[in-house]
Each structure stands twice: as C-alpha cells, then as structure tokens.
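Novice: Sharing a model prediction with you, sequence too.
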Amino acid sequence: MTRPVAYLTGEYPRATDTFIQREVAALRAHGLKVETCSIRRTGDAHLVGPEQREEAARTFYTLAAAKNPVRLMMAHLGWLMHAPGRYLSASRLAWKTAPGGFRGALFQAFYFAEAAVLAAHLRRINARHLHNHIASAAGTVAMLAAEMAGIPFSFTLHGPDIFYTPHHWRLDEKIKRAAFVACISNFARAQAMNLSGRSHWDKLHIVHCGVEPARYERKGPSGKRLLFVGRLAAVKGVPLLLEALRQIKTDQPEVHLTLIGDGPERMGLEKEAARLGLSDTVTFAGYQSQDDVAAALSSSDIFVLPSFAEGVPVVLMEAMATGLPVIATAVGGVGELVRDGESGLILPPGDVAALAAALKKLLADPAQCHEMGKVGAKTVAAGFDSQTEAGKLAALLMREGTS
C-alpha cells in the first residue's frame, strides 16, 4: 500500500480556507493518499456544509491529543525509547529556533510538546512526507515533528503576515530544512529568496492557490449589487468600503452591498453601517458554504476587496472565475492576478476617495464590467485552476516519494 502524505494546517477545515480543502481533494484526485492533520479543531459553528463536516471527521487534531496527559507523556517517552537520537535532535532544533524572551521560549516548549504527539501519529499512519500550510506556528510544529519522525517536510508559503516577523518564526531555518517550498506568488517567492541563501533558491516553486472555474457562472442580469467575501477583521479594510458606499449612495440609490464572512469586527461594522445610514443598503450574511458563496457571486455585479494586506486572495479568483469585475488594492500579490483596467481596478490601499470613484466608474458602465469579467475569467482559467496547481504540488510530493 502507498504510504500517505500527511497534510498539516493550523485549523482545518474552516470556512475561510476552503482553498486548502479544494487542494486536498485535488491531490487525492491526482492519486496521492493524503491524511489531514490540524493543530486546532474548528468549532462546529464554522464548519459550513457536509463536505467540511466529513473532512473534520477524518482529520487528526494535534492539540486535542496533546491535552491528554497520558497520551502526551507516552508520545515523548515513546520517542525517547524508539529514536532517542532524533528526539534529542528535535529538542536541540526547538531550542535553536525559539524566539527570544520567556514568552517565546514557553510557546516553543508547547510546540515541541505538540510535535511529539504529531510525530507519533505520523509513525502510526506510516507517513512518508509531511506538508504544511501556513508557515508560522503550525510550520514550527511541522518542522519539529518531521525531525522527530525522520521524514522530509515541505510547506506552502503564503504571507503577508509572516513576512512582518520572519525571524521570529525562523523562516530562514524552515526554508533551509524543507525539501521544497510551494510559494503562492512571485511576491512570496521573492520574500523567501530574500530570507534564504542562494543555495536554497531552487527549492522555491510557484504553486498558486486555485479555484474550480467550472463551479462559477454568472447568471444574474447586470445591476448594482456589490459583494465582499472575507473575514471581518481590520486587515480587510471594510470600514473604508462602508464609507465609500455612503459617499456614492445619493448618486446610486439602488446600490446594495452583501458582506459574506464573520470575525472580530462584525459587531462594530454593523454599528458603523447603522451610523452611516446604510442599514438597508448592507447585508451581513455571515459565513456561507462554498456552494452558497458561488451562488452569491453568480448573482452579484461587482466584487470589492479593499484590504490593507493580502497574499493572492483566492476569493478574487472566485469572483473573476464567475465573470465579475473586481476592485482591489495594490497589496501583496494582487497585481499578479488582477490586471488594472483590464480585469478590474487596482487602488492604493486606504484611499476612500479612490474606492468611491472606482465604484462610481464601474456602476455607471455595465459594458465595461462585462468586458472586465470576460478577461478575468480567462485569466483564472489559464493560471489559477486548482486541478492544474494541485498537479504541480502533487508532482513535487511524488518526487520526494521517489528520491
């Protein structure tokens, strides 16, 4: 029987990271046996649809296992007896890569404790490789667990958050030790090159996050329906969108904005919408399943993402695959996906006036919106198809299996 690839994320599955779920499914379709692992368990309220509940049921949850004192102790004692050299090597690596200060050392001790439990699971399932999404805390656990289990590991590098504190997370050491790094954009790859020696550059590969273009189809007639999909957190810039909407509402009384997603800012944003007189203009729809998001996209006219920081947003790919023109900000790898003036409009981040002007421009020109949508759909089909991109990752994982 083919030995499986273990696939680790910080929290899986969850509504905000459906692209990871799609990637796992695509890897399995490419013939890989993939066993999903996660640091944390997603709350039932954030499992949207039967697909996510099925994935949750088959996923190994590291932290939940590590909270069992007997299981935690047996994992560490098992490694001391089974492979003391690798256990001590992993402990030295944990000490070497620990962030400074008491808090950093304490959290590194937690990651090491979790790594032993994860490594024991890897041995039970006879994993041949460990791949990690999100290179911060989960990436540290993956690096230590792979060292303990004696198998290679790799990771997908997203950003932008980790690029703010790369030395805290020892991204340099993770790149050095990884069999390969799947970078979601040229921007991410450039950051990795900046943080690693030239001898490691050839292991940095572009593997886009992707979507299933066939899932998306624009059905509704042209109108004035705006859509935002994302976590309701400060980094997404939603207050600017609400203010821009207030500015254009007099000239565009029929405009309506739907916000799909949830997060720490939701209550404040609902109050802000009411304060701006937008209660009848804005709908807070909460988390939605992949099918519900696809349906919302198909009945919308313009997609807006006014973020302050991004990697290459998958939700922009979904909107473009649907044939929607998009309005986004010039951050991270957005420019690698959206061609300004061709598939959408790219704005300076934080500029309310520019956002209001962009909304006015597209709302007044349905023909331009239609043309932008066609260009965007072709762009996604050509360069961001999840099956194609997963094939690139599968080839890298298969190569490691035969090396």
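Specialist: Sure thing, it's come through.
Novice: Can you pull the poorly scored residue ranges out of the stretch 1-150 of the chain?
Specialist: 1 (pLDDT under 70).
Novice: Just the strands from it, written as ranges.
Specialist: 5-11, 34-40, 60-61, 129-133 (DSSP state E, counting those that start in this stretch).
Novice: and what of the stretch 151-300 of the chain?
Specialist: 153-157, 181-183, 204-206, 225-229, 256-260, 282-286.
Novice: okay, the strands of the stretch 1-150 of the chain, which one's buried deepest?
Specialist: Compared across the strands of the stretch 1-150 of the chain, strand 129-133 shows the largest average neighbour count, a mean of 26 (mean count of other C-beta atoms under 10 Å). Quick note: C-beta positions are derived from backbone N, CA and C, even for glycine.
Novice: hang on, the earlier thing: now render the strands of the stretch 151-300 of the chain as CSV, adding mean neighbour count.
Specialist: Shown next, in CSV, are the strands of the stretch 151-300 of the chain (neighbours: other C-beta atoms under 10 Å):
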stretch, mean neighbour count
strand 153-157, 25
strand 181-183, 25
strand 204-206, 17
strand 225-229, 24
strand 256-260, 21
strand 282-286, 17
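Novice: Count the neighbours of residue 152 for me.
Specialist: 18 (other C-beta atoms under 10 Å).
Novice: Which one, of the strands of the stretch 1-150 of the chain, ends up nearest to residue 253?
Specialist: Of all these, it is strand 5-11 that lies closest to residue 253, at 41.1 Å by C-beta to C-beta.
Novice: Next, the angle from the closest one to strand 34-40.
Specialist: 30 degrees (axes from the mean of the first three to the mean of the last three C-alpha atoms, to 10 degrees).
Novice: Save the strands of the stretch 151-300 of the chain as a markdown table, and put in mean pLDDT too.
Specialist: Output for those, formatted as a markdown table (pLDDT from 0 to 100):
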| stretch | mean pLDDT |
| --- | --- |
| strand 153-157 | 97 |
| strand 181-183 | 97 |
| strand 204-206 | 97 |
| strand 225-229 | 97 |
| strand 256-260 | 97 |
| strand 282-286 | 96 |
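Novice: Same list (the ones you listed) but as JSON lines, adding distance to residue 239.
Specialist: Listed next are those as JSON lines, based on distance: least, C-beta to C-beta, whole Å:
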{"stretch": "strand 153-157", "distance to residue 239": "29"}
{"stretch": "strand 181-183", "distance to residue 239": "31"}
{"stretch": "strand 204-206", "distance to residue 239": "33"}
{"stretch": "strand 225-229", "distance to residue 239": "12"}
{"stretch": "strand 256-260", "distance to residue 239": "12"}
{"stretch": "strand 282-286", "distance to residue 239": "12"}
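Novice: that older thread, now the strands of the stretch 1-150 of the chain in TSV, with distance to residue 296?
Specialist: Shown next, in TSV, are the strands of the stretch 1-150 of the chain (distance: least, C-beta to C-beta, whole Å):
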stretch	distance to residue 296
strand 5-11	23
strand 34-40	27
strand 60-61	30
strand 129-133	25
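Novice: so which of those gets nearest residue 249?
Specialist: Across the strands of the stretch 1-150 of the chain, closest to residue 249 is strand 5-11 (C-beta to C-beta), at 37.2 Å.
Novice: Residue 262 - how many residues pack around it?
Specialist: Neighbours around residue 262, by other C-beta under 10 Å: 20.
Novice: how close does it sit to residue 49?
Specialist: 15 Å (C-beta to C-beta, to the nearest Å).
Novice: picking that back up, looking at the strands of the stretch 1-150 of the chain, spot the one closest to residue 256.
Specialist: strand 5-11 (32.0 Å).
Novice: tell me what that closest one is packed against?
Specialist: helix 18-29, strand 34-40, helix 101-124, strand 129-133, helix 137-149 (3 or more C-beta pairs under 8 Å, 6 or more residues apart in numbering; DSSP states H and E).
Novice: so how far is it off the chain centroid?
Specialist: Computed by C-alpha atoms, centre = their mean, to the nearest Å, the separation of strand 5-11 from the middle of its chain amounts to 13 Å.
Novice: Parallel or antiparallel, which strands does that strand pair with?
Specialist: strand 34-40 (parallel), strand 129-133 (parallel) (DSSP bridges).
Novice: Compute the inter-axis angle for that strand and strand 153-157.
Specialist: 40 degrees.
Novice: Show me the contact partners of strand 5-11.
Specialist: Strand 5-11 has contacts (C-beta atoms under 8 Å, 6 or more residues apart in numbering) with 17, 20, 24, 27, 32-42, 62, 118, 121-122, 125, 127-134, 136-138, 141-142, 397, 401.
Novice: how about 6 Å then?
Specialist: Residues outside strand 5-11 that contact it (C-beta atoms under 6 Å, 6 or more residues apart in numbering) are 20, 32, 34-40, 42, 122, 127, 129-134, 138, 142, 397.
Novice: Quick one, which of the strands of the stretch 151-300 of the chain gets closest to residue 327.
Specialist: strand 225-229 (8.8 Å).
Novice: starting at the chain centroid, how far to the closest one?
Specialist: With C-alpha atoms, centre = their mean, you get 20 Å for strand 225-229.
Novice: Show which residue of the protein lies farthest from the average position.
Specialist: residue 81 (37.7 Å; C-alpha atoms, centre = their mean).
Novice: residues contacting that residue?
Specialist: By C-beta under 6 Å, 6+ apart, residue 81 has no neighbours at all.
Novice: re earlier: out of the strands of the stretch 1-150 of the chain, which is closest to residue 274?
Specialist: Taking those one by one with C-beta to C-beta, strand 5-11 is closest: 31.4 Å.
Novice: Next, the angle from that closest one to helix 101-124.
Specialist: 150 degrees.
Novice: could I have strand 5-11 exported to CSV, CA atoms only?
Specialist: Only the C-alpha atoms of strand 5-11 are listed here, as CSV (Å, rounded to 0.1, in the frame of the first residue of the first chain):
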residue,chain,number,x,y,z
VAL,A,5,1.4,12.2,2.7
ALA,A,6,0.4,13.9,6.0
TYR,A,7,-1.1,17.4,5.4
LEU,A,8,-0.9,19.8,8.3
THR,A,9,-2.6,23.2,8.8
GLY,A,10,-3.3,25.4,11.8
GLU,A,11,-7.1,24.9,11.7
